[in-house]
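K.L.:
Structure for this input, please:
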Amino acid sequence: MVGFFIALISGALMSIQGVFNTEVTEQSSVWASASWVQFSALLTCLAIWAFFDRESLLNVVRVTPKYMLLGGVFGAFITYTVIQGMSALGPARATMLIVIAQLAVSWGIELLGLFGVDKVEFSLRKLLGLLVAVVGVVVFEWER
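P.N.:
I've put the predicted structure just below:
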C-alpha cells in the first residue's frame, strides 16, 4: 500500500515539476532550464544523502552492468522532452501521453525481460488495460 501512495506522489510531483520547468524555460532557454533542474536535483540529493544515508558515494562505480549508470543521461532528456511536450501540448495532454508511453514501454520491458527485470507472460487483461488508458486519453481530449 505504501508503494501505491508513493507512486501517486511521484506522478503528482512530475506533473508539477513539468509545469515549473516549462515556465523557467519560457523565461530562459530549454537547456538552461534543464541544467538548472539537474543541478538543483544534484544539490538536493547530496543534502539528503549527507543527512540520512552516508553510504559511500563511490559505491555506484561498482554497479554492473555499467550501462545502468546512464540514468542521469536519460534524466536530462526526460527533463527536455517533458518541458517541450508541456510547452507544445499543455500539462494535461502532455502528461496523459507521457503516462501512456511509460506504461507501454514498462510493460514491454517486463514482457521481454530487458535490463535484468523478471520476464512476465503476456496478459490479455493488461493489454486491455493499456487500451482502456489509450481510450481514456481519446475521451479526455474529445471535443465536439
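
K.L.:
switch to C-alpha atoms for all contacts and neighbour counts from now on
P.N.:
Noted.

K.L.:
so what secondary structure elements neighbour the helix or strand that contains I16?
P.N.:
In this assignment (DSSP states H and E), I16 forms part of helix 2-27. On a contact count with 3 or more CA pairs under 8 Å, 6 or more residues apart in numbering; DSSP states H and E, helix 2-27 meets helix 30-48, helix 71-89, helix 91-112.

K.L.:
Rebuild the ones you listed as CSV, extending it with mean pLDDT.
P.N.:
Formatted as CSV, the helices and strands packed on helix 2-27 follow (pLDDT from 0 to 100):
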stretch, mean pLDDT
helix 30-48, 95
helix 71-89, 94
helix 91-112, 95
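
K.L.:
can those helices go into TSV with extra columns for mean neighbour count and distance to I16?
P.N.:
Listed next are the helices and strands packed on helix 2-27 as TSV, based on neighbours: other CA atoms under 10 Å; distance: least, CA to CA, whole Å:
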stretch	mean neighbour count	distance to I16
helix 30-48	15	13
helix 71-89	16	11
helix 91-112	16	9
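
K.L.:
could these be laid out in JSON lines, adding distance to K119?
P.N.:
Formatted as JSON lines, the helices and strands packed on helix 2-27 follow (distance: least, CA to CA, whole Å):
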{"stretch": "helix 30-48", "distance to K119": "31"}
{"stretch": "helix 71-89", "distance to K119": "21"}
{"stretch": "helix 91-112", "distance to K119": "5"}
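
K.L.:
Return the set of buried residues in the helix holding I16.
P.N.:
S15, Q17, G18, V19, N21, T22, E23, V24, T25 (16 or more other CA atoms under 10 Å).

K.L.:
rewinding a little: of the helices and strands packed on helix 2-27, which is nearest A133?
P.N.:
helix 91-112 (7.0 Å; CA to CA).

K.L.:
Figure out how far the closest one is from the centre of its chain.
P.N.:
Taking CA atoms, centre = their mean, to the nearest Å, the mean C-alpha location of helix 91-112 is offset from the chain mean by 9 Å.
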